[in-house]
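J.: Structure for the following, please:
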Amino acid sequence: MSPLAFALGGTVVYWSSLLLFLGAAAWLALSCSLYRCDGGRDGAVWVVFPLAVFFSLLLCRLLHWYCHTEQYAGFFSALTRYDRGGFCLAGLLPGVLLAAWLTLRLGYGGSLPRLLDALAPGAALGIALIRLGQLFSNSFRGKLLITRSSLQHLPLAAPVLTASGAVEYRFASFFVEFLLLLPLTLWLLRFYLRRRNAPLRLGSSQGSTALLFLLFFSALELVLDSTRYDSSFLRSNGFVSLTQIVGALCMLAVLIHYSRRSLRALGLRPLHILLWLLWLLSLGAAGYLEYLIQRHGNWYWFCYSLMSLSVLLMVLCAYWMYRSLRPGKARR
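T.: Predicted structure coming up:
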């Protein structure tokens with residue numbers, strides 16, 4: 001059971017629920033402030049946020065049901081009984097995109113990239129707090145067992161109850177993600193305040209805050225989702241998780257977006273070919289290391305270290321493609 005935060009009379013509040021609420025509130029408050037700072041209407045954020053929560057929870061639940069049908073009595077049970085089962089994070093992105101598009105269609109003006117830019121830093125902060133809350137719930141399922149007593153504490157390890165009631169210390173995936181998302185939030189804030197309207201070659205930088213958040217967050221999920229033994233897999237694929245697949249596709253989408261803009265602005269250059277090849281080689285290396293992780297349990301730390309480096313190189317390739325669009329940053 002989730003640890004108790006406090007109780008007032010007959011009202012009991014658990015840490016996981018409290019941090020879930022704080023994460024949603026922080027996301028809403030920060031996004032509303034940033035959108036107002038950019039001259040947008042507060043009403044747009046107040047409309048898009050509840051829609052994003054509704055669509056994201058629904059899609060996350062449906063994906064979890066699809067991947068874990070054994071945890072539910074049936075399809076309608078998955079939609080009506082929330083005391084069992086869970087959510088698949090891969091549904092978050094389409095839920096937010098659908099909510100943002102619908103908000104603009106309702107007549108709140110602005111542009112989709114501009115609205116998504118304002119949502120991105122708040123999303124990083126909100127997800128960080130939600131991940132921290134999941135550390136206190138039964139949803140934590142770390143794969144890497146940590147047996148050395150000197151390491152059996154945060155930030156590296158967290159206690160997990162086994163089916164027999166024993167306590168094991170496993171890699172604290174959620175807490176590590178919380179720690180990494182905090183500096184990402186600060187970087188996104190700095191980027192948004194300094195470069196949200198900065199000119200790029202053949203266009204503006206609107207949408208770049210959201211795209212770079214998607215790039216960095218997908219990279220985190222690509223590695224950290226592999227460290228959990230309760231990851232969601234497609235029924236026809238038990239090799240890489242659904243979250244990893246979506247993460248890799250999101251990183252590819254960011255690379256393609258900036259590659260197309262860079263090609264139009266600069267023409268084909270050796271830099272483009274080099275970045276594409278490095279990205280593909282890094283993706284292949286990350287996939288092969290995932291294969292080794294699933295086949296050799298005693299190679300965990302070595303493989304995850306190399307996988308992190310491979311995914312980092314994928315991030316740098318896409319980010320440098322973005323930088324090639326900034327005036328004065330291109331190289332022949």
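
J.: how about the strands of the stretch 51-200 of the chain, start to end?
T.: 157-161, 167-171, 199-200 (DSSP state E, counting those that start in this stretch).

J.: For stretch 134-143, measure first residue to last.
T.: 15 Å (Cα to Cα, to the nearest Å).

J.: Now it: average pLDDT?
T.: Per-residue pLDDT over stretch 134-143 has a mean of 70.

J.: can you put the strands of the stretch 51-200 of the chain in JSON lines and add mean pLDDT?
T.: Below are the strands of the stretch 51-200 of the chain laid out as JSON lines (pLDDT from 0 to 100):
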{"stretch": "strand 157-161", "mean pLDDT": "83"}
{"stretch": "strand 167-171", "mean pLDDT": "87"}
{"stretch": "strand 199-200", "mean pLDDT": "84"}
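
J.: Same list, the ones you listed, but as JSON lines with mean neighbour count and distance to residue 26 please.
T.: Backbone N, C-alpha and C define where each C-beta goes, glycine included. What follows is the strands of the stretch 51-200 of the chain, written out as JSON lines (neighbours: other Cβ atoms under 10 Å; distance: least, Cβ to Cβ, whole Å):
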{"stretch": "strand 157-161", "mean neighbour count": "17", "distance to residue 26": "22"}
{"stretch": "strand 167-171", "mean neighbour count": "18", "distance to residue 26": "26"}
{"stretch": "strand 199-200", "mean neighbour count": "16", "distance to residue 26": "30"}
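
J.: could I get these as CSV with distance to residue 271?
T.: Below are those laid out as CSV (distance: least, Cβ to Cβ, whole Å):
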stretch, distance to residue 271
strand 157-161, 42
strand 167-171, 37
strand 199-200, 16
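
J.: out of those, which comes closest to residue 108?
T.: For residue 108, the closest of these is strand 199-200, at 25.8 Å, according to Cβ to Cβ.

J.: following that closest one, which helix or strand comes up?
T.: Per DSSP states H and E, strand 199-200 leads on to strand 203-204 as the next helix or strand towards the C-terminus.

J.: Could you point out the helix or strand that follows that next one?
T.: helix 208-224.

J.: The next helix or strand after that next one packs against which elements?
T.: Tracing the chain C-terminally past helix 208-224 and defining elements by DSSP H and E, one meets helix 242-266 next. Applying 3 or more Cβ pairs under 8 Å, 6 or more residues apart in numbering; DSSP states H and E, we find helix 242-266 packed against helix 208-224, helix 270-295, helix 300-323.

J.: can you list contacts of helix 242-266?
T.: 63, 67, 88-90, 93, 200-203, 211-212, 214-215, 218-219, 221-222, 225-226, 231-234, 272, 275-276, 279, 283, 290, 314-315, 317-318, 321-322, 324-325, 330 (Cβ atoms under 8 Å, 6 or more residues apart in numbering).
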